[in-house]
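# Predicted model and sequence follow; I will ask about them next.
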Amino acid sequence: MRLRNNHGVGLSSQDWPPFSRHKYLALSSQEDYRSEESEEFGPVFLQEPDDAIFSLDSDDKKVIMNCEARGNPVPTYSWLINGTIVDPGGDFRYSLIDGNLIIHNASEAIDYGRYQCRAENSIGSVLSRDALLQFAYLGAFSGRMRGAVSVREGQGVVLMCAPPPHSPEIIYSWVFNELPSFVAEDSRRFISQETGHLYISKVQPSDVGSYVCQVKNTVTNARVLIKIMLVNILKQPIISWDKMTYCNFKKLPYYLFNYFFLIYIFYVLSPVPTITWRKMSGNIPKKARLRKSQAVLEIPNIQLEDSGSYECKAENTRGGTAFRGHLQVYTLPQWISMINDTQLDSGEQLRWECRATGKPRPTYRWLRNGEPLNSQTDSGMYQCIAENKYGAIYSSAELKILASAPMFSTNPVRLIATVGKDVSLECRPRASPKPRISWRKSDRRVQPSRRIMLLRNNTLRIINSSRSDEGSYVCRAENQFGSAELTTMLLVKEPMRVELNPVRVEVTVGESVVLSCKVTHDPSLDVSFLWLLNNQPLNTQQEGGHFEYIQTVSGFTTDSSTADLMIRSILLKHAGKYGCHAQTSADSVLAEAELLVRGPPGPPGVVIVEEITDTTATLSWSHGVDNHSPITTYNVQARSPVSLGWQTVKTDPEPVTGNMESAMAVELNPWVEYEFRVVATNGIGTGDPSTPSRAVRTKEAVPSVAPANVRGGNGRRHELVISWEPISEEFQNGEGFGYIVAFRANGTRGWKEKMVTSADSTTYKYRDETFPPLTPFEVRVGVYNNKGDGPFSEVVTVFSAEGEPREPPSEVQAFAISSSEIKVIWNRLSCWEQVSFWKDMEQEEMGKKKRTTGNETTLLLTGLEGNTQYLISVKGFNSAGQGPASSPIKISTKKNAPSLPPGNLMWIQEGNNVSLSWDPVKARDNESEVIGYKVSIAHKYCGSVVLTLPEGGTYIIEVRAVSEGGEGAASAQVRVLTSSGKRWLGSHSLGVCINLLLVFIFLLIYIFLKVLII
């Protein structure tokens, strides 16, 4: 079966099977190519040549006309130019690559024309549609000088372009004076794309100048120019109005669908006219557009109904004129029905019909193998051509005439039937012409009877078969080309019987059950089983391990087989009708059982809010499925924007029993948007919830919840600060929610009340210059909304803000600890303190500040410069502000620690004991005197004269000087390995030995002085 170009509906086939008569059907290309491998068929075009325009200015003087076809055998190709065969062997300019024609050094004089591709194999040949090859070029303007043009002011003028030779069409444009000043078309200027002329209506002095006509080839984009001078405007008066008309109903008649149809009209009138259009026989199409000051009527996607007479009218203050033209639309032929590939028996009749529409009405031609019809032979490739003056279309088909002796594809045939069933023995030979058919059993001819019938398609049908019908049946087919026989061996077996237990079973979700299917059958036949669920095959692989087959097949001596289906951990979706389908080569049987699954109920129906108040909602719903266990209760749940998901609500009545379909949700919060849903419960469990209701808001009510955690404190002097926890939206109960803050000084009677209108507020500040700091007040906070005032909180005592400190801290002292540290001490006030410090030569504002965070009375200042005098003051502060500062005191940091490290460090090791010696450090004038040395071992102090180190390790030892200004620079490091017991020498030179005992004494003196200073 093959796909043909331009195929349509063909002839109907009769009942005789393939190889007698067959109509080809349209298939996918994949099926089509598969058939090619084994079946011969005629050429079918995959690509036909298209119209082409070749530029003579092209560097590559080569034209390629494409053609591709498929067939079996593979087609060969030839080409025709204007009906004449192209001979690539006789003209070196032509060559063929596959089916493509290549023209070298193409010439318009020789190669212009219509081309057709012929594809041919042993079945026949077909011609492609014709393709027009044109050549694109643009010549130069004539060298003849153009004369100057003179015109009266106010008159119209036409500047003629007179284009050079060209192909195909060109585009005209005009340049005024010089590029890129192109003439813009408007109500006074118009450029004809037919002649290239420039029309100017009512010439003005500004129109005087140099005009250049430019033409452009639409294919090559080549451009050429010619210059025309408009040099003079005559000043004679205009006595009568001037009229010059240009009108073009473009290339009438017009016949191409989906193209633009343009009507040009331009009047050179003075004054400039107004142009209107109308269609004489109806309305102008809605898709039409007016362009270029309505001088152009453009109709896109032209159709037959756009035909008719059109009128354009130009009018001004001096009169008017009109022009009419008739638009006739023609069409290419289009197929209504086409021919199809057909196979016929020898001697049969063929009627092929092809029909097409078009305007003018198409005529028809027929080709066989690319030539006009002749009577020599009928097989081959046929083409129907429908054509009119605007084009032609082709429909191709293959005709095969069949002649063959009968032949059977399979022989012999073994057929098994069961007692009591009807059986059909087919006889379908491939033959042409149709053969004569006869049947016999063994050596006796089969005679039709009430139980044995010979059908029209030569099938032998036996009604209510029995054991006596067993035997060998022979179908004989015969025609003038030969004969063939088909033997069918018929075996008649006892029918199968099936038992499926249990037939009906009820289980609960999570339980398991086994369905047992037992089949009794002829032991010589193999049996296969298929389980069905609700008439669909059961796929155990996709059911998550819930199903398992357990099958026992009979042996040759037993006549029964079983196939059990185990269903584990049953789900609700496993309920339904189960079928056990057993099949042998003789017959098939089906037994069914019903499985009912009890489980939690399904979701109730949609919840509807019938009525809503400020604290209640009346709800209704419909019963869901109970899954074979009666519903006992319903649970009503609600959700709001401020709730944590779905919450069970109280109902009236309580509980809601399973036979009810309505209830009232109570104790809801006023002015809250709720959604409701219902969950059903039965003896098995609780089911899925219903779909939520639409969101509804309860009615407004007076607030019922007072603010909590009312408190106060802080603030500035003379302020009373009151704070509370805000009421959430859930308990505001309506719009216009706010707070009422009430307070009074202890011992007074009247309450002062202030309204706080923001629902999110948490603080209120009241200022009164008359009350002193830390005045006690009784305070309570209430709520209100548009419905009224709600409750107040419990009364609490809140103190007004304390005043800022009035006195500075006393007994302020400072001690220099080192070159970078000063310790400050004072007597504490009942607040926090801030220490300010700055250099003696700086302003206080340039200094730094540090604050205490608790009840401290000391503060250590760090990061200071050595040997520098600082000024220090201390002031108190609290939430009300800062108090006065103490008088500045002066203190200098100690000199810096020695900058030189101990030199010439050396050591002596005896076993695990190490003795050290180094050169003493001498402090400079700006450095603190050395009061001792510090020996560090692995960053730990050592107080021994002789260092005793543990075995089995490597230790790092360094020494640095100690002074009042702190620790000096470290010496070079010494690495000691105790595991070897051998001495490891560095690059240190020897110096004066200093006993480590002196080091220890100096360290004790340093520690004592440090403690004394503190």
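That came in fine, so what should we check first?
# since we're on residue 665, how many residues are nearby?
23 (other Cβ atoms under 10 Å). Placement of C-beta: from N, CA and C, glycine included.
# how near is residue 325 to residue 279?
11 Å (Cβ to Cβ, to the nearest Å).
# So which residues make contact with stretch 822-832?
805, 807, 809-817, 833, 835, 837, 851-853, 855-861, 864, 870, 872, 874, 876-878, 883, 886, 891, 893, 1014 (Cβ atoms under 8 Å, 6 or more residues apart in numbering).
# so how far is stretch 277-285 from its chain's centroid?
Put simply, stretch 277-285 sits 48 Å off its chain's centre (Cα atoms, centre = their mean, to the nearest Å).
# Look at that stretch and report the distance between its end residues.
Stretch 277-285 has its terminal residues 12 Å apart, counting by Cα to Cα, to the nearest Å.
# ok, now stretch 145-155?
25 Å.
# May I see the buried residues of it?
Across stretch 145-155, burial judged by 16 or more other Cβ atoms under 10 Å covers 146, 149, 151, 152, 153, 154, 155.
# low pLDDT regions in the chain?
Residue ranges of the chain with pLDDT under 70: 1-38, 230-232, 234-271, 375-376, 553-558, 830, 938-953, 978-1014.
# Pairing partners for the one helix or strand residue 835 maps to, with directions?
Using DSSP states H and E, residue 835 sits in strand 832-839. As defined by DSSP bridges, the strand partners of strand 832-839 come to strand 848-851 (antiparallel), strand 869-878 (antiparallel).
# Just say which of these is most tucked in.
Among those, judged by mean count of other Cβ atoms under 10 Å, the one packed with the most neighbours on average is strand 869-878 (a mean of 20).
# If you count neighbours, what's buried in the strand holding residue 835?
Here strand 832-839 shows 832, 833, 834, 835, 836, 837, 838 as buried, counting by 16+ other Cβ under 10 Å.
# Also stretch 790-800?
Quick answer for stretch 790-800 (16+ other Cβ under 10 Å): 790, 792, 793, 796, 798, 799, 800.
# so what's the closest residue to residue 583 other than its chain neighbours up against?
Among residues not flanking residue 583 along the chain, residue 528 sits closest, at 5.4 Å (Cβ to Cβ, 6 or more residues apart in numbering). Contact analysis of residue 528 by Cβ under 8 Å, 6+ apart lists 582, 583, 584.
# List the beta-bridge partners for the first one.
In other words, residue 582. Beta-bridge partners, per DSSP bridges, of residue 582: residue 529, residue 589.
# Three-state assignment for residue 90, please.
Here residue 90 is recorded as coil under DSSP: H, G, I helix; E, B strand; the rest coil.
# If you could redo that for residue 155, that was the one I meant.
What three-state DSSP gives for residue 155 is coil.
# isn't it right next to residue 204, touching?
No: in this structure, residue 155 is not within contact of residue 204 by Cβ atoms under 8 Å, at 10.6 Å.
# Then residue 573 would be within a helix, right?
Yes: applying three-state DSSP, one finds residue 573 inside a helix.
# Can you report how many residues neighbour the residue nearest to residue 196 when sequence neighbours are not counted?
Leaving aside its sequence neighbours, residue 196 sits nearest to residue 161 (Cβ to Cβ, 6+ apart; 3.2 Å). By other Cβ under 10 Å, the residues close to residue 161 number 24.
# what separates residue 161 from residue 146, distance-wise?
10 Å.
# so what's in contact with those two at the same time?
With Cβ under 8 Å, 6+ apart, residue 161 and residue 146 have common neighbours residue 226.
# what sits against the closest residue to residue 620 other than its chain neighbours?
With Cβ to Cβ, 6+ apart as the criterion, residue 620 has its nearest non-adjacent residue at 4.2 Å, and that residue is residue 662. Contacts for residue 662 (Cβ under 8 Å, 6+ apart) come out as 610, 618, 619, 620, 621.
# what helix or strand is the closest residue in space to residue 585 that isn't next to it in sequence on?
Once flanking residues are discounted, residue 585 sits nearest to residue 416: 5.0 Å by Cβ to Cβ, 6+ apart. In the assignment (DSSP H and E), residue 416 maps to strand 413-418.
# distance between the ends of stretch 810-829?
Terminal-residue distance, stretch 810-829 (Cα to Cα): 9 Å.
# actually stretch 431-445, not the one I wrote
Start-to-end, stretch 431-445 (Cα to Cα) is 22 Å.
# what does it contact?
Contacts of stretch 431-445 with the rest of the structure, by Cβ under 8 Å, 6+ apart, involve 16, 19-20, 345-348, 402-407, 425, 427, 429, 446, 454, 458, 460, 471-481, 483-484.
# circling back to that earlier point, look up how far residue 197 lies from the residue nearest to residue 585.
For residue 416, the distance to residue 197 - Cβ to Cβ - is 93 Å.
# can you check residue 930 too?
From residue 930 to residue 197 the distance is 114 Å (Cβ to Cβ).
# Mutual contacts of residue 325 and residue 279, please.
With Cβ under 8 Å, 6+ apart as the test, residue 325 and residue 279 both reach 309, 310.
# just checking, residue 42 touches residue 73?
No: the pair residue 42 / residue 73 is not scored as a contact, 9.9 Å apart, by Cβ under 8 Å.
# mind listing the helices in the stretch 551-700 of the chain by residue range?
In the stretch 551-700 of the chain, no helices are found when defined by DSSP state H, counting those that start in this stretch.
# For residue 854, grab the count of nearby residues.
Residues near residue 854, counting by other Cβ under 10 Å, number 5.
# quick one: it from residue 802, how far?
Distance of residue 854 to residue 802, computed by Cβ to Cβ: 18 Å.
# what's the answer for residue 432, then?
Residue 432 is 121 Å from residue 802, by Cβ to Cβ.
# and if you look at residue 144?
Distance from residue 144 to residue 802, counting by Cβ to Cβ: 112 Å.
# follow-up on the earlier one: quick one: name whatever helix or strand follows the strand holding residue 416.
strand 423-425.
# List the strands paired with that following strand, with their directions.
Strand 423-425 has these strand partners (DSSP bridges): strand 460-462 (antiparallel).
# For the partner strand, could you pull out the residues that count as buried?
460, 462.
# and what of stretch 332-340?
332, 333, 335, 338, 339, 340.
# could the residues you listed go into a markdown table alongside distance to residue 576 and secondary structure?
As requested, the buried residues of stretch 332-340 are exported to a markdown table (distance: Cβ to Cβ, whole Å; DSSP: H, G, I helix; E, B strand; the rest coil):
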| residue | distance to residue 576 | secondary structure |
| --- | --- | --- |
| 332 | 61 | strand |
| 333 | 60 | strand |
| 335 | 53 | strand |
| 338 | 51 | coil |
| 339 | 54 | coil |
| 340 | 48 | coil |
